[in-house]
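Undergrad: Take this sequence and fold it.
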Amino acid sequence: MDVKEQLIQGLSEAGCGKETAERIGLLYEVGDYDEMLHQMKVQRCILIDEMHDRQRKVDRMDFLVRQQEKQMK
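TA: Numbering: from 1, shown residues only. Got it, this is the predicted structure:
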């Protein structure tokens with residue numbers, strides 16, 4: 001497996017869609033490393049936003065569980 005294929009596979013495993021991973025792989029292939037890194041950082045920001053959204057949902061669920069436990073006592 002060459003470097004481009006490893007990059008695309010890694011991006012896919014990190015949650016990037018196929019089209020995005022391939023676009024970043026193409027940037028690597030043509031040597032546009034600045035844009036490649038920029039796009040990878042954009043994808044990282046998207047993952048961070050998703051993580052924060054999930055954390056807010058977990059926090060809300062924790063609140064609801066505690067609220068119900070208090071009512072049951």
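
Undergrad: helices or strands next to the longest helix anywhere in the chain in the packing?
TA: Longest helix in the chain, counting residues (DSSP state H): helix 33-72. If you count contacts as 3 or more CB pairs under 8 Å, 6 or more residues apart in numbering; DSSP states H and E, helix 33-72 packs onto helix 18-30. For every residue, glycine as well, the C-beta is placed using N, CA and C.

Undergrad: Need the contact partners of the helix it packs on.
TA: Residues outside helix 18-30 that contact it (CB atoms under 8 Å, 6 or more residues apart in numbering): 3-5, 7-8, 11-12, 16, 33, 35-36, 39-40, 43.

Undergrad: The same query, at a cut-off of 7 Å, please.
TA: Helix 18-30 has contacts (CB atoms under 7 Å, 6 or more residues apart in numbering) with 4, 7-8, 11-12, 35-36, 39-40, 43.

Undergrad: do the same with stretch 36-50
TA: By CB under 7 Å, 6+ apart, the surrounding residues in contact with stretch 36-50 are 15-16, 20, 23-24, 27-28.

Undergrad: In CSV, list the residues you listed along with distance to residue 62, neighbour count and pLDDT.
TA: Formatted as CSV, these follow (distance: CB to CB, whole Å; neighbours: other CB atoms under 10 Å; pLDDT from 0 to 100):
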residue, distance to residue 62, neighbour count, pLDDT
15, 25, 13, 95
16, 30, 21, 95
20, 33, 18, 97
23, 38, 17, 98
24, 36, 25, 98
27, 41, 20, 98
28, 41, 18, 97
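
Undergrad: and which of those is nearest residue 61?
TA: Nearest to residue 61, judged by CB to CB, of these is residue 15 at 22.2 Å.

Undergrad: Run through the residues that contact that closest one.
TA: Residue 15 neighbours (CB under 7 Å, 6+ apart): residue 47.
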